[in-house]
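J.: Next input, structure requested:
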Amino acid sequence: MSLRAALRNKHAVTGLFSQLSSCSSHVRVRGSPVLVTQQRKSSTTPRIKVEFNQSTGVAIMHMQSPPVNSLSLDFLTEFCISVEKLEMDKSCRGLIITSSQPKVFSAGLDIMEMYGKSPERCGEFWRAVQEMWLKLYGSNMAIIAAVNGSSPAGGCLIAMTADYRIMADNPRYSIGLNETQLGIVAPFWFKDTMVNTVGHRCSEMALQIGLLYNPSEALRIGLVDQLVPEDQVLSTATQTMTKWLAIPDHARQLTKTMMRKPTIDKLTSSRETDIRHFVSFITKDSIQKSLAMYLEMLKKRKG
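T.: Prediction:
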């Protein structure tokens with residue numbers, strides 16, 4: 001049974017696409033966004049590498065899908081299965097998520113999952129994005145995002161599902177939900193996650209004009225919790241995890257559930273409607289033409 005089939009038997013999944021862009025020393029709004037594409041890798045090549053230390057109860061998940069950890073259906077399937085396996089192992093109490101790719105945490109969802117695909121395939125893809133969010137946002141594990149590169153759109157969503165975010169203090173990196181720059185709208189559960197993280201007013205402004213924040217701005221609004229030198233992101237996350245695991249699991253988990261359950265319930269009660277809305281939007285001729293134009297622009301840039 002394939003990874004995708006194994007996951008499909010248990011759950012459903014979702015998505016949005018994004019871009020990787022550098023950021024100056026100030027908050028930037030990109031005028032000409034570039035959608036991310038990613039060549040398919042052999043199914044025998046793992047996109048996710050997990051290192052689990054049973055003595056500490058901490059797993060480190062390395063996203064390693066070149067070039068920019070774009071979130072394809074195959075990537076999302078493998079990601080979700082990896083998280084589920086850790087969740088089922090009661091000795092695993094903490095999870096650190098980071099990237100093995102230089103300069104990028106995750107550049108967001110893969111455009112090729114939405115261009116020229118059947119409505120059924122688009123729906124399957126969107127279910128996968130939903131599933132990724134549900135598994136992370138509702139996880140019993142303490143989760144720390146070790147953000148060691150740029151993290152727009154879907155990458156930002158992954159970071160926001162964590163309990164604590166540590167980012168590399170490099171002004172060239174950026175993080176944020178910049179979907180409107182691409183002519184699309186972040187779904188309500190992206191929005192709710194951001195509101196829960198940085199508050200209503202910051203979210204309202206950022207989501208409307210597609211702001212990408214550099215690390216210092218992200219720290220100021222609470223989108224990340226700590227900045228450290230680039231070569232110290234993972235070690236700091238490991239040290240920080242010991243503080244989180246010093247709290248009795250049951251107390252921390254019940255508190256996390258109390259804080260996040262209303263947001264999770266909102267999606268679980270309307271997953272099919274959310275998928276229908278996405279499929280209806282992404283399969284419109286006008287949107288497909290826009291995606292084709294972006295792909296052609298990328299080809300010319302690479303040429």
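J.: centroid residue for the chain?
T.: The C-alpha lying nearest the average C-alpha coordinate of the chain belongs to residue 158 (CA atoms, centre = their mean; 2.8 Å).
J.: Is it located within a strand, as I assumed?
T.: No - under DSSP: H, G, I helix; E, B strand; the rest coil, residue 158 sits outside any strand and is assigned helix.
J.: quick one, what contacts it?
T.: Residue 158 sits next to 97, 105-106, 132, 136, 145, 151 when contact means CB atoms under 8 Å, 6 or more residues apart in numbering. All C-beta spots, glycine's among them, are computed from the backbone N, C-alpha and C.
J.: Dump the residues you listed to TSV, plus secondary structure, pLDDT and neighbour count.
T.: Formatted as TSV, the entries for the contacts of residue 158 read as follows, by DSSP: H, G, I helix; E, B strand; the rest coil; pLDDT from 0 to 100; neighbours: other CB atoms under 10 Å:
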residue	secondary structure	pLDDT	neighbour count
97	strand	98	26
105	coil	97	29
106	coil	96	31
132	helix	98	25
136	helix	98	23
145	strand	98	30
151	strand	97	34
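J.: which stretches of the protein have low pLDDT?
T.: Within the chain, the ranges that satisfy pLDDT under 70 run 1-44, 303.
J.: Tell me where it has strands.
T.: With DSSP state E, the ranges of strands along the chain come out as 48-53, 58-63, 94-99, 142-147, 151-152, 164-168, 175-176, 226-228.
J.: Number of residues surrounding residue 48?
T.: By the other CB atoms under 10 Å criterion, the neighbourhood of residue 48 contains 20 residues.
J.: actually residue 87, not the one I typed
T.: Residue 87, neighbours per other CB under 10 Å, totals 15.
J.: on that earlier part again, if I look at the residue nearest to the centre of the chain, how far off is residue 79?
T.: 9 Å (CB to CB, to the nearest Å).
J.: Could you tell me which residues touch both of these two?
T.: With contacts taken as CB under 8 Å, 6+ apart, the residues that reach both residue 158 and residue 79 are residue 132.
J.: returning to what we had before: I'd like the contacts of residue 158 written out as CSV, with distance to residue 278 added.
T.: As requested, the contacts of residue 158 are exported to CSV (distance: CB to CB, whole Å):
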residue, distance to residue 278
97, 24
105, 23
106, 19
132, 14
136, 19
145, 25
151, 22
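J.: The strands of the chain: which one's closest to residue 258?
T.: The minimum distance between residue 258 and those falls on strand 142-147, with 15.4 Å, by CB to CB.
J.: contacts for that closest one?
T.: Residues outside strand 142-147 that contact it (CB under 8 Å, 6+ apart) are 93-98, 105, 136, 158-159, 161-168, 173, 175, 224, 233-234, 236-237, 240-241, 244-245, 252.
J.: In contact with the closest residue to residue 148 other than its chain neighbours, which residues are there?
T.: Sequence neighbours aside, residue 233 is the residue nearest to residue 148 in space, at 4.6 Å (criterion: CB to CB, 6 or more residues apart in numbering). Residue 233 makes contact with 98, 146-148, 166-168, according to CB under 8 Å, 6+ apart.
J.: ok, residue 51 touching residue 58?
T.: No - under the criterion of CB atoms under 8 Å, residue 51 is not in contact with residue 58, lying 9.1 Å apart.
J.: So which of these two has more stuff around it?
T.: Taking residue 51 and residue 58 together and counting by other CB under 10 Å, residue 58 has the greater number of neighbours (23 against 10).
J.: Beta-bridge partners for that one, please?
T.: In this structure, residue 58 bridges to residue 53, residue 94 when assessed by DSSP bridges.
J.: pretty sure it contacts residue 89?
T.: No - in terms of CB under 8 Å, residue 58 does not count as a neighbour of residue 89; the distance is 11.8 Å.
J.: And for residue 247, the neighbour number?
T.: Neighbours of residue 247 (other CB under 10 Å): 12.
J.: Distance check, it against residue 253.
T.: As it turns out, when the distance is counted by CB to CB, residue 247 lies 9 Å from residue 253.
J.: Which residue ranges of the protein form helices?
T.: Ranges of helices within the chain are 3-8, 73-88, 119-137, 154-161, 188-198, 200-209, 215-221, 233-245, 249-268, 271-282, 285-302, based on DSSP state H.
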